[in-house]
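Asks: Structure here, sequence nowhere to be found:
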């Protein structure tokens, strides 16, 4: 039996530092797919979110929200990093870059608090996010759309 958990395995509470890091990377990979239906499957059917000033409940609302989000936030690329963890909770910090319809790039910084059920599905997500406009030449996230390559620096390495 493989002693090292893999990002493709179901990562369930209670979390260790290793499994929390893997859970964060799996969430990052999922969000970088920009596929609302796929992303929603990581949440309980009645998952509750606070995202900025929006409050959502359930997968249907999550799918609708993410569809709107990724229509507006084009060429979205995200990096998440573990901040803290407990038995069934994980806190992350993150940054993502995207541009709007007019071509203005933004870097969005935030923190999320997550709570998971016994099956490893997220039942609560609380996100606080701030946006700053950036010039295209100030972008730091340059990988092809999709999963961040393993050799691409994380937030700490980028000084964010």
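Replies: Good, I have the coordinates. Model, not experiment: these values are computed from the prediction.

Asks: can we go C-alpha only for contacts and neighbour counts from here?
Replies: Fine.

Asks: Residue ranges in this protein under the pLDDT threshold?
Replies: 1-9 (pLDDT under 70).

Asks: ranges for the strands of it?
Replies: 43-51, 54-57, 74-85, 89-99, 105-116, 122-134 (DSSP state E).

Asks: what packs against the third one?
Replies: In terms of contact count using 3 or more Cα pairs under 8 Å, 6 or more residues apart in numbering; DSSP states H and E, strand 74-85 is assigned the packing partners helix 17-32, strand 89-99, helix 155-158.

Asks: So which of the ones you listed is nearest residue 142?
Replies: strand 89-99 (9.5 Å; Cα to Cα).

Asks: quick one: strands adjacent to the closest one?
Replies: Strand 89-99 pairs in its sheet with strand 74-85 (antiparallel), strand 105-116 (antiparallel), by DSSP bridges.

Asks: residues making contact with it?
Replies: Outside strand 89-99, the residues that touch it by Cα atoms under 8 Å, 6 or more residues apart in numbering are 15, 20, 24, 72-85, 105-116, 139, 141, 155, 160.
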